[in-house]
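In: Compute the structure for the input listed below.
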Amino acid sequence: MKQSTIRGEVLQGIEKAMRRGDDEASSIGTRVILPSSFTGGRRYMFNHCQDAMAICKHFGYPDLFRTITCNPNWPEFQRFTERERIFIADRPDISCCVFHAKLKCLLSDLKEGVFFGPLSAGMYTIEFQKRGLPHAHMLLWLNGKSNLQSVEIVDEFICAELPNPLKFLALYNIVTKYMIHGPCGRIRPSSPCMKDGKCSKFYPKRFVDQTSFDEDGYPIYRRRNMGVTVNINDVDIDNRFVVPYNPLLLMKYQAHINLEFCNKSNVIKYLFKYINKGPDRVTATVGETYNVGESSQVVDEIKQYYDCRYLSPFESMWRIFAYDIHHRWPSVQRLTFHLPNQQHVVFDDADITLMRFPDGQSLTYMEYPKKFVYCSNSREWKPRQRGFSIGRLSFAHPAAGELFYIRILLNVQRGCTSFRSIRTVNSVTYGTFQEACSAMGFLIDDKEYVSAIKEVAEIASAA
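Out: Okay, here's the model as predicted:
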């Protein structure tokens with residue numbers, strides 16, 4: 001081979017290596033994200049959790065937490081399986097259609113106040129497990145007249161006892177078929193719910209004659225020892241193994257429908273996170289490792305989303321049919337904001353017409369959707385004719401600086417017409433949004449922090 005030919009190949013190899021190095025260098029520290037509009041993504045779940053908290057801020061704590069599971073013994077399924085001689089679990093398309101229809105019927109009944117009286121708000125999330133049929137987790141807000149304000153009202157809505165088979169035989173058969181946990185505990189240590197010798201769901205419960213609440217606010221439902229039992233796997237099961245339910249709901253929909261009173265002390269955040277927790281997935285990575293904090297690591301959220309993600313047949317069909325995975329009422333409007341001269345879309349001053357209405361001059365930015373509707377075509381706010389919507393400000397991290405401080409001010413400042421009016425506190429216009437927050441007492445400076453530490457130290461030494 002000629003020397004010139006070898007030299008040319010070497011140069012080509014060096015050139016390719018340099019181009020490859022440039023491509024790799026250009027990807028160092030890059031970040032590929034999934035937008036909040038992508039169903040199931042991290043930002044999608046985060047925004048739905050924030051929407052749920054906005055509803056909680058407006059109406060208070062939810063009253064009821066309900067779970068309904070698709071029942072393979074529903075008549076709609078039985079007719080199909082008898083005719084086609086196929087298990088309903090092998091037809092996720094039909095399962096999803098029937099469950100969606102049942103869920104719509106249930107929502108209609110709840111909104112009309114059939115079971116619990118009028119509702120102020122509600123939301124649900126569909127969950128798909130690796131095996132079994134889909135189920136829905138739902139939070140319900142009762143209106144002021146029907147709130148669970150007493151033990152008697154809780155007993156009226158929620159039952160945790162076996163019905164008397166001599167008086168309510170149909171209800172007894174449904175409860176014993178769908179609302180019994182176990183058997184587990186000492187009578188069956190091999191039950192799947194057993195962990196470290198104890199039931200992970202805390203069954204069996206204890207007998208109590210009256211509903212009450214423990215010191216943490218958790219309900220202790222009435223479970224009387226009335227001698228009513230059911231034999232399951234050669235074991236007599238009593239009220240200690242009954243999952244809480246509502247008799248009317250159970251009789252109409254005939255499925256596993258667990259109903260719980262929502263604790264109003266420390267479980268609220270867990271409930272919101274639980275119903276918006278996202279799909280089941282397995283995480284496994286094979287490749288190079290990076291030190292924490294290295295700027296050269298490439299963060300690709302799209303790749304993270306698809307890698308090792310488990311997608312069941314039921315979830316696949318649910319997504320193909322374009323059914324809602326999350327639903328809530330009333331609607332929550334996400335309000336965006338920006339710093340001066342950093343907006344993505346430029347509006348003329350004439351387009352912002354909210355302040356020409358008297359009602360708009362006494363509202364904060366977050367309260368606008370209650371009385372006004374934003375028309376995207378005309379790019380202006382107009383008085384709302386019917387209904388209302390809950391507004392919430394988009395999330396801003398404290399490290400965002402001025403963007404974080406303007407978000408704080410937009411929660412409290414009323415009748416703002418410009419960025420200057422947002423920074424004005426007690427007729428004094430401050431140079432930055434942080435200074436305005438400090439003037440309103442929302443921030444603590446180093447001196448106050450040091451004095452607070454000294455005060456705590458003095459109290460501790462005196463004690």
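In: Return the distance of the nearest residue to residue 210 once chain neighbours are set aside relative to residue 410.
Out: In this structure, residue 210 finds its nearest non-sequential neighbour in residue 222, 5.8 Å apart by Cβ to Cβ, 6 or more residues apart in numbering. To be clear about C-beta, it is placed using only N, CA and C from the backbone, and glycine gets the same treatment. According to Cβ to Cβ, to the nearest Å, residue 222 stands 47 Å off from residue 410.
In: go on, residue 162?
Out: For residue 162, the distance to residue 410 - Cβ to Cβ - is 54 Å.
In: In terms of neighbours, single out the busier of the two.
Out: Between residue 162 and residue 410, counted using other Cβ atoms under 10 Å, residue 162 has the larger neighbour count: 24 against 17.
In: What is the three-state secondary structure of that one?
Out: Under DSSP: H, G, I helix; E, B strand; the rest coil, the three-state class of residue 162 is coil.
In: burial of the residue nearest to it when sequence neighbours are not counted, as a residue count?
Out: Counting by Cβ to Cβ, 6+ apart, residue 162 lies nearest to residue 228, which is 4.4 Å off, once chain neighbours are set aside. Counted by other Cβ under 10 Å, the residues lying close to residue 228 total 18.
In: Spit out the contact partners of the closest residue to residue 238 other than its chain neighbours.
Out: For residue 238, ignoring the flanking residues on the chain, the nearest one in space by Cβ to Cβ, 6+ apart is residue 229 at 5.0 Å. Contact analysis of residue 229 by Cβ atoms under 8 Å, 6 or more residues apart in numbering lists 162, 236, 237, 238.
In: in the stretch 151-300 of the chain, which spans are strands?
Out: In the stretch 151-300 of the chain, the segments counted as strands under DSSP state E, counting those that start in this stretch are 194-195, 198-199, 212-213, 219-220, 230-232, 235-237, 257-261, 299-300.
In: among those strands, which is nearest residue 386?
Out: Closest to residue 386 of the strands of the stretch 151-300 of the chain is strand 257-261 (Cβ to Cβ; 31.8 Å).
In: chain center to that closest one: distance?
Out: 17 Å (Cα atoms, centre = their mean, to the nearest Å).
In: Can you tell me what sits against it?
Out: With Cβ under 8 Å, 6+ apart as the criterion, strand 257-261 contacts 63-69, 148, 154, 157-158, 178-179, 219, 243-246, 249-250.
In: of those, buried ones?
Out: 63-69, 148, 154, 157-158, 178-179, 219, 243-246, 249-250 (16 or more other Cβ atoms under 10 Å).
In: Read off the pLDDT value for residue 212.
Out: pLDDT for residue 212: 88.
In: Who does it form a beta bridge with?
Out: Legend: beta-bridge partners of residue 212 under DSSP bridges are residue 220.
In: same question, residue 334
Out: residue 392.
In: So it sits against residue 394, correct?
Out: Yes - Residue 334 is within contact range of residue 394, at 5.8 Å (criterion: Cβ atoms under 8 Å).
In: Identify the residues contacting residue 385.
Out: Residue 385 touches residue 373, counting by Cβ under 8 Å, 6+ apart.
In: which element is it on?
Out: In the assignment (DSSP states H and E), residue 385 maps to no helix and no strand.
In: returning to what we had before: just the contacts of strand 257-261: which are in helices?
Out: Using DSSP state H, the members of the contacts of strand 257-261 that fall in helices are 154, 157, 178, 249, 250.
In: Tell me which two of those residues sit farthest apart.
Out: 154 and 178 (21.3 Å).
In: Give the residue spans of the stretch 251-400 of the chain that score low on pLDDT.
Out: 263-309, 343-359 (pLDDT under 70).
In: That one: helices as residue ranges?
Out: With helices called from DSSP state H, counting those that start in this stretch, the stretch 251-400 of the chain shows them at 268-275, 301-306, 313-320, 368-371.
In: ok, residues contacting the third one?
Out: Going back to what we said before, that points to helix 313-320. 39, 92, 93, 95, 96, 100, 126, 128, 133, 134, 279, 325.
In: one more time with 10 Å, if that's ok
Out: 39-40, 70, 89-97, 99-100, 126-129, 131-134, 279-280, 311-312, 323-325 (Cβ atoms under 10 Å, 6 or more residues apart in numbering).
In: From those residues, list just the buried residues.
Out: Here, 16+ other Cβ under 10 Å leaves 40, 70, 91-92, 94-97, 99-100, 126-128, 133-134, 279, 312, 323, 325 buried among these.
In: Just give the number of residues close to residue 104.
Out: For residue 104, using other Cβ under 10 Å, the count is 12.
In: Next secondary structure after whatever helix or strand it lives in?
Out: Residue 104 is part of helix 92-111, with elements assigned from DSSP H and E. Next helix or strand after helix 92-111 toward the C-terminus (DSSP H and E): strand 119-127.
In: between that following strand and helix 313-320, how big is the angle?
Out: Interaxial angle, strand 119-127 versus helix 313-320 (axes from the mean of the first three to the mean of the last three Cα atoms, to 10 degrees): 120 degrees.
In: Tell me the strands beside the helix or strand that strand 119-127 is followed by, with direction?
Out: For strand 119-127, the following helix or strand on the C-terminal side (DSSP H and E) is strand 135-142. Using DSSP bridges, the strands paired with strand 135-142 in its sheet are strand 64-69 (antiparallel), strand 119-127 (antiparallel).
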